[in-house]
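In: 3D model of this:
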Amino acid sequence: MEVYLVRHTKPKIEKGICYGQSDVPLAESFEQEALALMKHLPGKIDAIYSSPLSRCQRLARLVKEESIICNDPRLMEMNFGDWELKNWDKIDQNHLNGWMQDFVNVKVPNGENFLELYGRVNYFMDELMKQQHKAVAVVTHAGAIRSVVARVLEIPLKNAFKLPVDYSSITKLNISGDGCYTSIEYLNKV
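Out: Numbers count the residues shown, from 1 in each chain. Okay, the predicted model is just below:
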């Protein structure tokens, strides 16, 4: 199975704002970004899975208009709890520094840590790998894509943010018939 991990297009939000699971609008450049991205997807996609956030839903509908899109909350970005829609500079620096030193295990107040994001995203991937599709698209967020790639490459989660995942990028995975990852064909293709 070919799995195309697709990051949503650029959101319309002020730089420096934390917006993990907040439903923010897309930038005016959505259509041109989406059309450029779609040139890198195959003509036939058996299924599309998407985060329920509108920045992913809008792109998912464009990718596969004639099919049902499977919305799955496990594909949402990290829950930044009390930090959602706050400027990173306005977040309590003691909490922020503690989280930055160990974001894998330290939870954001009323949110989650990276290990929880990693767990829910890869639980979704375990279920997806049991399906009999030839090609699927998964429209999601940078944190979710990094979680999958970290698992495939077997890298420590503390290094996941070293992986580039640009807006409108695609990461292609190949999965063998027995439901095991075989390779990452490409990462962060824009």
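In: Give the buried residues for the host helix or strand of Ile145.
Out: Using DSSP states H and E, Ile145 falls within helix 142-153. The neighbour-count check on helix 142-153 (16 or more other CB atoms under 10 Å) flags Ala142, Gly143, Ala144, Ile145, Arg146, Ser147, Val148, Val149, Ala150, Arg151, Val152 as buried. C-beta: built from backbone N, CA, C; applies to glycine.
In: Of those, just say which sits nearest to Met38.
Out: Distances from Met38 to those, taken as CB to CB, are shortest for Ile145 (17.5 Å).
In: My guess is that closest one contacts Pro164. True?
Out: No. Using CB atoms under 8 Å, Ile145 is not in contact with Pro164, being 10.0 Å away.
In: about what we covered before: can you name the next helix or strand after the helix holding Ile145?
Out: strand 170-175.
In: Direction included, what does whichever helix or strand comes after that following strand pair against?
Out: For strand 170-175, the succeeding helix or strand toward the C-terminus, using DSSP H and E, is strand 181-189. Sheet pairing of strand 181-189 (DSSP bridges) gives strand 170-175 (antiparallel).
In: and the strand it pairs with, which residues are buried?
Out: Residues of strand 170-175 classed as buried: Ile170, Thr171, Lys172, Leu173, Ile175 (neighbour count, 16+ other CB under 10 Å).
In: Can you give the distance of that strand from its chain's centre?
Out: Mean C-alpha position of strand 170-175 versus that of the full chain (CA atoms, centre = their mean, to the nearest Å) differs by 13 Å.
In: next one: stretch 62-76
Out: Between the centre of stretch 62-76 and the centre of its chain there are 13 Å (CA atoms, centre = their mean).
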